[in-house]
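1. give the three-dimensional model of this entry:
(chains A, B and C)
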Amino acid sequence: MLRQSQHEITIATRGRGFHEFTDEVTELLRATGLKTGQVTLHLQHTSASLLIQENADLDVRRDFEAFFARLVPDGDEIFVHTAEGEDDMSAHIRTALTAVNVTIPVIRGSLALGTWQGIYLWEHRTHPHRRRVLAHFIGE
Amino acid sequence: MLRQSQHEITIATRGRGFHEFTDEVTELLRATGLKTGQVTLHLQHTSASLLIQENADLDVRRDFEAFFARLVPDGDEIFVHTAEGEDDMSAHIRTALTAVNVTIPVIRGSLALGTWQGIYLWEHRTHPHRRRVLAHFIGE
Amino acid sequence: MLRQSQHEITIATRGRGFHEFTDEVTELLRATGLKTGQVTLHLQHTSASLLIQENADLDVRRDFEAFFARLVPDGDEIFVHTAEGEDDMSAHIRTALTAVNVTIPVIRGSLALGTWQGIYLWEHRTHPHRRRVLAHFIGE
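-> Take a look at the predicted model:
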């Protein structure tokens, strides 16, 4: 019979950049004992993203930062919402261009990620933040 | 025991811009009586988005519009698909760059949104449209 | 009573471009016999996307390609990660700007897609690839 389970993951970021937390989700999944099902991850913030991306090469994350810094410049003169700093509105837009929630199937007790897929929290603010991700499991 | 429930939300937009409907989803959730679970929202259109974003400052939404108008210009000369107006192809691309579905956990009878998160329908067409969002709840 | 079911869809792409597979998902749904529920699709790759978009006009897909080729140029001089070809890092970024998973409600035995919505795998690499999509159904 299907059952569900919820957990909160807290991540202390060191400012803008990628923080992989695939292992934390895998640990939570093991604790649930679910063999078949799915997990939904929801990030409770509007200036950071959840991203499933290549976990092999550090240059990929470096290139992501370089590309997004050019695409959505901090302190862009088009922005009116600047009270919280030059990186605030750009962080909101980076978030909208990516995602704050993802759902991943669980197969034979494991996350059904591809060989190169890792789960990242992508911090878009330049200063460190405490970020909360909710993990909702359904399965059996 | 887990159960499910489906509802349709209709939103009449006033043309390009943001329409918050967090309260409608909260009302539907209350009516289901679910305490723990999740809700999936799916927008049945290809020229509008679902966006979870900051609900505190109007300037944020204004800056979103300004940024996306520059990033994906209406009537861009690169477009061939122009029969339905200058804002049609740009609307499709804005939709692809954001999202048409999201899944949000339900905890203690409430949507597990962050303090600043609201659920928006973002209309990308310049004229008013009638938009349909399906809400699928699973929980207990 | 709610039950679940998982399936793998393999898609052989012909290089960069759109591959619609709405019919494959509809077939799987029929085989499950579910009338009410939802399906989560997860693409196990970091250089291709899942996209729900307009399925009526070929020009729309052509314009998507043209727009993204300009937005995220292959071989952009900003990229350091170039060992796997000029289209590799741009493919990762296109993937992050779109999505690798979607959840669609099932109503009266059918996918609750809008009139113009089709489900596409969008291949971002220039060479053909074999891509795997997992379909996870929950419902009754």
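
2. from the chain's centroid, how far away is the helix of greatest length in chain A?
-> Longest helix in chain A by number of residues (criterion: DSSP state H): helix A:58-71. In terms of Cα atoms, centre = their mean, to the nearest Å, the centre of helix A:58-71 is set 16 Å apart from its chain centre.

3. strand partners of the helix or strand containing residue A:51, parallel vs antiparallel please.
-> Using DSSP states H and E, residue A:51 falls within strand A:48-54. If you go by DSSP bridges, strand A:48-54 pairs up with strand A:117-123 (antiparallel).

4. so what's the residue in chain A that chain B sits nearest to closest to, chain neighbours aside?
-> Nearest to chain B in chain A, going by Cβ to the nearest Cβ, is residue A:44, at a distance of 3.1 Å. From N, CA and C alone the C-beta is placed, and that goes for glycine too. Counting by Cβ to Cβ, 6 or more residues apart in numbering or on different chains, residue B:114 is the residue found nearest to residue A:44 once chain neighbours are left out, at 3.1 Å.

5. before we move on, the earlier item: what sits up against the strand holding residue A:51?
-> Residues outside strand A:48-54 that contact it (Cβ atoms under 8 Å, 6 or more residues apart in numbering or on different chains): A:13, A:18, A:41, A:43, A:60-61, A:64, A:91, A:94-95, A:98-102, A:104, A:113, A:116-125, A:129, A:131, A:133, C:46, C:92, C:95-96, C:100-101.

6. could you look up the SS state of the residue of chain A found nearest chain C?
-> Distance from chain C to each residue of chain A (Cβ to the nearest Cβ) is smallest for residue A:114, at 3.1 Å. What DSSP: H, G, I helix; E, B strand; the rest coil gives for residue A:114 is coil.

7. before we move on, back to that, quick one: residues contacting the residue of chain A closest to chain B.
-> So, once contact is read as Cβ under 8 Å, 6+ apart, residue A:44 ends up touching A:131-134, B:112-115, B:117.

8. before we move on, what about residue A:120?
-> A:18-21, A:50-53, A:55.

9. could you dump stretch A:98-109 to PDB, C-alpha only?
-> Output of stretch A:98-109 as PDB, limited to C-alpha atoms (Å, rounded to 0.1, in the frame of the first residue of the first chain):
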ATOM      1  CA  THR A  98      15.600  27.600 -13.700                       C
ATOM      2  CA  ALA A  99      13.400  25.800 -11.100                       C
ATOM      3  CA  VAL A 100      12.500  25.500  -7.400                       C
ATOM      4  CA  ASN A 101      10.900  22.100  -7.500                       C
ATOM      5  CA  VAL A 102      11.700  18.700  -9.100                       C
ATOM      6  CA  THR A 103      10.200  15.300  -8.900                       C
ATOM      7  CA  ILE A 104      12.400  12.200  -9.200                       C
ATOM      8  CA  PRO A 105      11.200   8.600  -9.500                       C
ATOM      9  CA  VAL A 106      12.500   6.000  -7.000                       C
ATOM     10  CA  ILE A 107      13.400   2.600  -8.500                       C
ATOM     11  CA  ARG A 108      14.600  -0.500  -6.600                       C
ATOM     12  CA  GLY A 109      15.300   1.700  -3.600                       C
END
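
10. how about the helices in chain A?
-> Using DSSP H, helices in chain A cover A:22-32, A:58-71, A:88-97.

11. in JSON lines: those, plus distance to residue C:8 and mean neighbour count.
-> Output for the helices of chain A, formatted as JSON lines (distance: least, Cβ to Cβ, whole Å; neighbours: other Cβ atoms under 10 Å in any protein chain shown):
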{"stretch": "helix A:22-32", "distance to residue C:8": "19", "mean neighbour count": "16"}
{"stretch": "helix A:58-71", "distance to residue C:8": "26", "mean neighbour count": "17"}
{"stretch": "helix A:88-97", "distance to residue C:8": "29", "mean neighbour count": "24"}
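
12. among those, which is nearest residue B:85?
-> Of all these, helix A:88-97 sits nearest to residue B:85, with 23.6 Å by Cβ to Cβ.

13. in the sheet, who's paired with the residue nearest the centre of chain A?
-> Taking Cα atoms, centre = their mean, the centroid of chain A lies closest to residue A:50, which sits 2.0 Å from it. Note on residue A:50: beta-bridge partners residue A:121, judged by DSSP bridges.

14. pLDDT weak spots in chain A?
-> Nowhere does chain A drop to pLDDT under 70.

15. which parts of it sit against chain C?
-> A:1-2, A:36-38, A:51-54, A:57, A:59-60, A:62-64, A:66-67, A:70-71, A:97-99, A:102-105, A:107, A:112-117, A:138-140 (Cβ under 8 Å from any Cβ of the partner chain).

16. recalculate using a threshold of 6 Å.
-> Within reach of chain C by Cβ under 6 Å from any Cβ of the partner chain, chain A has these residues: A:2, A:38, A:51-54, A:57, A:59-60, A:62-63, A:66-67, A:97-98, A:102-105, A:112, A:114, A:116-117.

17. circling back: in a markdown table, list the helices of chain A along with distance to chain B.
-> Listed next are the helices of chain A as a markdown table, based on distance: least, Cβ to the nearest Cβ, whole Å:
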| stretch | distance to chain B |
| --- | --- |
| helix A:22-32 | 13 |
| helix A:58-71 | 8 |
| helix A:88-97 | 5 |
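
18. okay, those helices in JSON lines with distance to residue B:83 next?
-> Formatted as JSON lines, the helices of chain A follow (distance: least, Cβ to Cβ, whole Å):
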{"stretch": "helix A:22-32", "distance to residue B:83": "45"}
{"stretch": "helix A:58-71", "distance to residue B:83": "29"}
{"stretch": "helix A:88-97", "distance to residue B:83": "28"}
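
19. mind checking which of the ones you listed is nearest residue A:7?
-> Checking those against residue A:7 by Cβ to Cβ gives helix A:22-32 as the closest, at 5.0 Å.

20. that'll do, ta.
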